[in-house]
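Q: attaching a predicted model along with its sequence, questions to come.
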Amino acid sequence: MTVQRKSKSRIQLADRMSRLGTETAFAVSAEASALAAAGRKIYPFHVGDINLRTPRNIIEAAHKAALDGKTGYCPNEGIAPLREALAEDVNRSRGTSYGAQNVAIQPGGKPTIGKLLQILINPGDEVLYPSPGYPIYESQIEFLGGKPVPYTFREGESNFELQLAALEDSLNDKTKVLIYNDLQNPTAAESSPREMRRIAELALRNDLFVLSDEAYFDIRFAGLSQSIAGLEGM
């Protein structure tokens, strides 16, 4: 049997693709790389990366694992020893009580954010997100048919502070998720204990899921970071 394709047929992408945004930081990164290649001095504040090499013991362990044949499939959530070690580390630094069953290994922040929003929001549901902030928040919310609702910052005495009154005013029956990025990108703002408790109170009172993006939790010159996950009820 011969199947002929209509000459005027057109491949159409899913409608949701028109709602897919992008991460402009990498467009800036490409431009910065071109300027660097041309001999210009670049101060790389455009991408949340650091110029520290992976420790040698990690490289050697990964190399040994590959030589030992550990190159096949593993459980979807990751191997048990890694999940157990991560649970212990998170509990130690955040005052939580997670076990390996609460840990899933993911290949980066974007798929983690996307997967969580997929299981929490339906089309039309609202998600609060920080603005300015990581562009993927707004992009993923819109892609999944949700309504992104930004909340903002103001300049405090020594730091940027959340405009909590405006954030609270944005809550309604359609609000399902609050994205909270302490040690914030791009302002580097760190919540005071009072501000973090206030966010937790709003989430608990309004029965909201909180996506706590802690990408920079361990990247600091001094002091210790705190996590909203360690607060009572969270």
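A: Now that the structure is in, tell me what you want to look at.

Q: return the distance of stretch 53-67 from the chain's centre.
A: 26 Å (C-alpha atoms, centre = their mean, to the nearest Å).

Q: actually stretch 114-127, sorry about that
A: Here stretch 114-127 is found 14 Å from its chain centre; the criterion is C-alpha atoms, centre = their mean.

Q: quote the end-to-end distance of that stretch.
A: End-to-end span of stretch 114-127 (C-alpha to C-alpha, to the nearest Å): 13 Å.

Q: what about it, average pLDDT?
A: The average pLDDT for stretch 114-127 rounds to 96.

Q: could you list the buried residues of that stretch?
A: Under the neighbour-count criterion of 16 or more other C-beta atoms under 10 Å, stretch 114-127 has 114, 116-117, 120-121, 125-127 buried. C-beta coordinates here come from the backbone N, C-alpha and C atoms, glycine included.

Q: so what pLDDT did the closest residue to residue 227 other than its chain neighbours get?
A: Nearest residue to residue 227, sequence neighbours excluded (C-beta to C-beta, 6 or more residues apart in numbering): residue 94, at 3.9 Å. Listed pLDDT for residue 94 reads 96.

Q: right, and residue 94 touches residue 231 too?
A: No. Between residue 94 and residue 231 there is no contact under C-beta atoms under 8 Å: 9.8 Å.

Q: which stretches of this structure form helices?
A: In the chain, the helices defined using DSSP state H lie at 24-37, 56-67, 80-94, 109-120, 135-143, 164-169, 193-205.

Q: indicate which one of those helices is closest to residue 180.
A: With C-beta to C-beta as the measure, helix 193-205 is the member of those nearest residue 180 (5.8 Å).
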